[in-house]
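Asker: below are the sequence and a predicted model for it; my questions follow.
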Amino acid sequence: MASGDTLAELIEGPLVTAATRAVLRERLDAVPSTTAATTFFTPAELATLIAVCARLLPPDSPLSATATAAAIGERLSLGKGPGWRYDTMPADAVACRLGLARVDDDARARGAADFAALDAAVADTLLRDAARGAGWLGLDSRRWFEMLMVDVTEAHVPHPAVQLAIGHLGFADAAGWKAIGLGGREAWQSHAQSQPLPAPATATVPIPVRASTATPASTSRAPVRFAESDTVDAVVVGTGAGGGPLLWRLARAGCRVVALEAGRHWNPARDFATDEKAQAKLFWSDERLSAGNDPIAFGSNNSGTGVGGSTLHFTAYTPRPQPDDLRLFSDFGVGCDWPLAYAELEPYFDEVEALVGISGPTPYPWGPARRRSYPLPPLPLNAAAELMRRGCAKLGIATSAAANAALSRDYGGPGLARRQACSNRGFCQAGCTTGAKGSVDVVFIPPALAAGAELRTECFARWIERDSQGRVSGLVYLEGGKERRQKCRNVFLCAGGVETPRFLLFNDGLANGSGQVGRNFMAHVGRQLWARFDDATHPWKGIPGGLISEDTHRPRGDDVDFAGGYLLQSIGVMPLTYATQLARSGRGVFGAALGEHLAHYDHVAGINVLGDCLPSAANFLELSDERDPRGLPKPRVHFSAGPNEERMAAHAERTMRAIWQAAGAREPWAFDRYAHVIGTCRMGVDDGSAVVDADGRSFEVPGLFVCDNSVFPSALSVNPALTIMALSLRTADRFIARNQGAPS
């Protein structure tokens, strides 16, 4: 920021978009109200909460402890949450109040009347003990501390004054970023900056759209609303990576098709702010119960809501699986093989990459030689990518610019809208405002609607109706609290690895003769290693995952004691995401230590791994006894990393620590995580071990299909989005081929 500029001047200036400005103004002008908190908490509870918040907040926070406690009280009184909770914990509202009581009990055991009466040093010791596990009666103090620390973090970090103080200028991104490498500064800043990127050129690579097996429909069809009494060819439930491409392909082939989406149809330019807290609206917020030894964090980690699904907030990282990813059992004797070969998916990888506009290197260093080059050259490397490349080079680890679903140049193709090049905002995980990221709402939904598909938003699928022969005949859904019904010949469930099996289970175990619905839940080994560097990294700039190495896809050496493998990627990070991971890390960083840690945010960079996960009988989804606001059972997901995942994660951490040490890192710390939701309705060759066949067809229910990440028999050692989209187009083509002439 130029010398003399104030925060208010920056926010009101041309560098901040209108949507972002509105959010920041509201946050700056907010007058905290304690009404909700005083109604929800007793006076004693509120006094204790304020005292706890005073110790957890950095001393120089622009938010008072009272304002922070008020925000927590408002959240709890409204029943809001992050979209999941630990199965071992009671509901957040109950847990918070019980924890406050235990804090006061602990304070009394230390000789004080209550927590507020403790001196600062003793209070901090009590909280550190809680973070480590204090043995409280009837409550896990570690989980309570984590919950409260996340609440405090989400109140503190989004404040514009805090953003500026920690060196984050990501909200001033209306013009994008040009100086995204180590130490780079923009032209409007006070010091010298890196040379700007060259102006984007126009791409002319043709898109290899596969010929449909039915006559393509006109792309100029007027918007249509099918009558509920009309029997349409298909209803598609979910519009993410599984549903969107399929919807487009079916409509293009002349099928009468309706898509149901539980979320809204956003207008990114109008509705999306460069603000993580405001963009939480893109995450699936219905509560899921997370169980097991390694409970999965849902919500922002892996589930989206709105037209586009999780692609609204995926990082755009789109590497292909390698052929041996599909035959894990054949190669290692563990896991499960896919019922189709890489060669059957390869043309669909080609097509998706061209339709979406993948930016990537040619040639690509790993895997089989590609039949087609990536349609666009790679995106520029940000600081994290430069640092990872530096460290890997010293260790002899090969790296490459990664494949990403974001445009390095302006791009368009037959039947697709022209999109502008990425401006390096780095905000992929919280919504792209420019259309440069190839999310499903941008790439597939507009041409699907133009071809005659109908889209119904804020509609929640409830159950499937069948005729006397057991074939699908309709789908019942909720819209505006009212029950509606659409007659149809086929239903495609594309709601993801949690909602798809949940739907089948609360439909009286539909299509579950094999007992495999909800089973074989998998999540990628996704450990991250963060560190500080001497140079400014501007971790919010540029495509988050700019660099990749697949040298560890099938690693060799005496210390390799696991099946499968993993990839390495550089990662940029937004400040609230980073601070929330710190809050969930179990490190017990709070108060002055939190302020000191976040002060170095502008010098942070990360490496992430993405590794195989073996299916296990211990990892599964079931229906809980708790009900959601619709009266439906909440899902409970059990996940415990097995020996293979633990050994892989340990190997990966050793590798990452060596890379960061070679790159000059300081104070590295690991965040243990498992990413994506995979399995739960696996595809296979028979109805005794799988839910659907290789074409996504239910073995038991005619007219029922599944097309999302739940059908994966194995996790693959790459991010799943590209493979889901490829499977989506293949599923549609197989359906069209079988029903030639059937669409009405």
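Answerer: Great, that's in hand.

Asker: gap between the longest helix belonging to the chain and the chain center?
Answerer: Ranked by residue count and defined by DSSP state H, the top helix of the chain is helix 643-663. Centroid separation for helix 643-663 versus its chain: 23 Å, with Cα atoms, centre = their mean, to the nearest Å.

Asker: what's the first helix or strand after that helix?
Answerer: Later in the chain than helix 643-663, the nearest helix or strand by DSSP states H and E is strand 666-671.

Asker: in that following strand, what counts as buried?
Answerer: Neighbour counts over strand 666-671 (16 or more other Cβ atoms under 10 Å) mark 668, 671 as buried. For glycine as for every other residue, the C-beta is placed from the backbone atoms N, C-alpha and C.

Asker: how far off centre is it?
Answerer: On Cα atoms, centre = their mean, the centre of strand 666-671 falls 22 Å from that of its chain.

Asker: mind listing what that strand pairs with, with the direction of each?
Answerer: Using DSSP bridges, strand 666-671 pairs in its sheet with strand 528-532 (antiparallel).

Asker: quick check: mean pLDDT across the strand it pairs with?
Answerer: The average pLDDT for strand 528-532 rounds to 98.

Asker: which residues sit against it?
Answerer: Contacts to strand 528-532, defined as Cβ atoms under 8 Å, 6 or more residues apart in numbering, come from residues 571, 573, 578, 581, 600, 603-609, 653, 656-657, 660, 665-671, 673.

Asker: contacts for the longest helix of the chain?
Answerer: Residues from elsewhere that reach helix 643-663, judged by Cβ under 8 Å, 6+ apart: 334, 387-388, 390-392, 394-395, 397, 525, 527, 529, 531, 533, 552, 555, 559-566, 568, 607, 609, 611-614, 641, 668, 670, 672, 674.

Asker: give me the buried stretch members for that helix, please.
Answerer: Within helix 643-663, the residues scored as buried using 16+ other Cβ under 10 Å are 644-645, 647-649, 651-653, 655-657, 659-660, 662-663.

Asker: out of those, which comes closest to residue 79?
Answerer: residue 645 (33.9 Å; Cβ to Cβ).

Asker: how close does that closest one get to residue 676?
Answerer: Residue 645 is 13 Å from residue 676, where distance means Cβ to Cβ, to the nearest Å.

Asker: same deal with residue 562?
Answerer: Taking Cβ to Cβ, one finds residue 562 at 19 Å from residue 676.

Asker: which phi and psi does the residue lying closest to residue 268 once chain neighbours are set aside have?
Answerer: Counting by Cβ to Cβ, 6 or more residues apart in numbering, residue 433 is the residue found nearest to residue 268 once chain neighbours are left out, at 4.9 Å. Backbone torsions of residue 433, given as degrees, to the nearest 10, read phi -90, psi -10.

Asker: then residue 624?
Answerer: phi -90, psi 170.

Asker: number of residues surrounding it?
Answerer: By other Cβ atoms under 10 Å, the residues close to residue 624 number 16.

Asker: the residue nearest to it when sequence neighbours are not counted: what's it in contact with?
Answerer: Nearest residue to residue 624 in three dimensions, chain neighbours excluded: residue 636, at 4.2 Å (Cβ to Cβ, 6+ apart). By Cβ under 8 Å, 6+ apart, the contact set of residue 636 is 87, 288, 289, 290, 291, 621, 622, 623, 624.

Asker: out of these, which are inside strands?
Answerer: Members of these lying in strands (criterion: DSSP state E): 288, 289, 290, 291, 621, 622, 623, 624.

Asker: so which of those residues is the closest to residue 732?
Answerer: Nearest member of the ones in strands among the contacts of residue 636 to residue 732, counting by Cβ to Cβ, is residue 621, at 26.1 Å.

Asker: wait, the closest one touches residue 634, no?
Answerer: No - applying Cβ atoms under 8 Å, one finds residue 621 not in contact with residue 634, separated by 10.8 Å.

Asker: compare the two and say which is more crowded by neighbours.
Answerer: Between residue 621 and residue 634, counted using other Cβ under 10 Å, the more crowded position is residue 621 (29 against 17).

Asker: residues contacting the more buried one?
Answerer: 498, 501, 502, 505, 518, 519, 521, 635, 636, 637, 638, 680.

Asker: is the residue nearest to residue 624 bridged to anything, and to what?
Answerer: residue 289, residue 622.

Asker: check it and give its pLDDT.
Answerer: At residue 636, pLDDT is 98.

Asker: go on, the one 5 residues further on?
Answerer: On pLDDT, residue 641 comes in at 98.

Asker: now the phi/psi pair for the closest residue to it other than its chain neighbours, please.
Answerer: The shortest distance from residue 641 to any non-neighbouring residue, by Cβ to Cβ, 6+ apart, is to residue 294 (4.7 Å). Backbone torsions for residue 294, taken as degrees, to the nearest 10, come to phi -130, psi 70.

Asker: which residues touch residue 294?
Answerer: Contacts of residue 294 by Cβ under 8 Å, 6+ apart are 639, 640, 641, 672, 674.

Asker: got the phi and psi for the last one?
Answerer: What that stands for is residue 674. phi -130, psi 130.

Asker: give the contact list for it.
Answerer: 294, 296, 523, 524, 525, 526, 613, 639, 641, 645.

Asker: those, buried ones only, as a ChimeraX selection?
Answerer: Buried residues within these, by 16+ other Cβ under 10 Å, are selected in ChimeraX with:
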select :294,296,523,524,525,526,613,639,641,645
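
Asker: for PyMOL, what selects the buried ones among the contacts of residue 621?
Answerer: In PyMOL, this line selects whichever of the contacts of residue 621 come out buried by 16+ other Cβ under 10 Å:
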select buried, resi 498+501+502+505+518+519+521+635+636+637+638+680
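
Asker: of the contacts of residue 621, which belong to helices?
Answerer: 498, 501, 502, 505.

Asker: can you pick out the most distant pair from these?
Answerer: 498 and 505 (10.9 Å).

Asker: all strands of the stretch 551-700 of the chain, in order?
Answerer: Using DSSP state E, counting those that start in this stretch, the strands found in the stretch 551-700 of the chain span residues 566-571, 604-611, 620-627, 633-638, 666-671, 674-678.
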